[in-house]
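Enquirer: the sequence and its predicted three-dimensional model are supplied below.
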Amino acid sequence: MSEPVTIERLERALAIVAYCITKHGDYLVPIFERLERELAAMREAQDTVRRAKRLLETYHSPCLALAAG
């Protein structure tokens, strides 16, 4: 069973591929770029969720209070 993809795992994979590129050449550059894109997308999604939660914490509406509970 595979582990879930997390920001931490992507960061570690990016560091490993960066090391391999510096030691063995640029043939892994496409993988590095893909990992960068995946990491950026995951961080953006995480940030969006945080912003949404912050908005709900400051927004006072009886309808939203019922939906959140």
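Expert: Received, thanks. Numbering: from 1, shown residues only.

Enquirer: contacting residues for the spatially most central residue of the chain?
Expert: For the chain, the residue nearest the mean C-alpha position is residue 42 (2.2 Å; CA atoms, centre = their mean). The contact partners of residue 42, by CB atoms under 8 Å, 6 or more residues apart in numbering, come to 5-7, 10. From N, CA and C alone the C-beta is placed, and that goes for glycine too.

Enquirer: pull the distance from the helix or strand hosting it to the chain's centre.
Expert: Element membership for residue 42, per DSSP states H and E: helix 29-58. Relative to its chain's centre, helix 29-58 lies at 4 Å (CA atoms, centre = their mean, to the nearest Å).

Enquirer: which parts of it are buried?
Expert: For helix 29-58, burial by neighbour count (16 or more other CB atoms under 10 Å) applies to 32, 35, 39, 42.

Enquirer: pLDDT and distance to residue 23 added to those residues, as JSON lines?
Expert: As requested, the buried residues of helix 29-58 are exported to JSON lines (pLDDT from 0 to 100; distance: CB to CB, whole Å):
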{"residue": "32", "pLDDT": "98", "distance to residue 23": "13"}
{"residue": "35", "pLDDT": "97", "distance to residue 23": "17"}
{"residue": "39", "pLDDT": "96", "distance to residue 23": "21"}
{"residue": "42", "pLDDT": "94", "distance to residue 23": "27"}
